[in-house]
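**Q** coords below, sequence missing:
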């Protein structure tokens with residue numbers, strides 16, 4: 001949950017690194033909230049961009065354009081690199097049974113091995129290890 005609060009969702013503009021208020025832009029009416037009639041839960045839906053209300057508030061800017069653009073470029077690189085992983089995760093999350101198997105650790109699904117590129121997983125209370133190492137993949141590579 002903490003990593004989502006930081007990374008957020010690029011298109012929805014939420015999360016710390018997507019907050020346009022940091023560059024002096026206040027955006028209202030980006031999304032609306034509805035009740036799902038089947039579950040009774042509140043769900044958010046994006047409004048079309050033409051309905052957004054954007055106000056420039058330069059006195060609230062705390063980040064310069066150079067840093068903001070560097071973050072956006074990095075987000076784009078990550079999205080391009082992991083597009084297949086992201087889609088797979090979204091499909092898995094849409095499966096209601098999968099909600100029981102969500103990562104319980106802050107870095108789950110975010111750490112990868114420099115040697116083989118395999119994912120790291122929690123191997124103790126506070127220790128991560130390459131999942132491929134369990135199958136001795138590293139031992140065969142030298």
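**A** That came in fine, so what should we check first? Given the structure is predicted, the values throughout are model-derived calculations rather than measurements.
**Q** what about residue 120, how many neighbours?
**A** 19 (other CB atoms under 10 Å). C-beta: built from backbone N, CA, C; applies to glycine.
**Q** can you tell me which residues contact residue 22?
**A** By CB atoms under 8 Å, 6 or more residues apart in numbering, the residues touching residue 22 are 61-63, 68.
**Q** among the residues you listed, which ones are buried?
**A** The neighbour count (16 or more other CB atoms under 10 Å) marks nothing among the contacts of residue 22 as buried.
**Q** can you tell me which of those residues are in strands?
**A** Using DSSP state E, no member of the contacts of residue 22 falls in strands.
**Q** for these, which one is nearest residue 39?
**A** Ranked by distance to residue 39 (CB to CB), the contacts of residue 22 are led by residue 68 at 37.2 Å.
**Q** which residues does that closest one contact?
**A** The neighbourhood of residue 68, defined by CB under 8 Å, 6+ apart, consists of 22-23.
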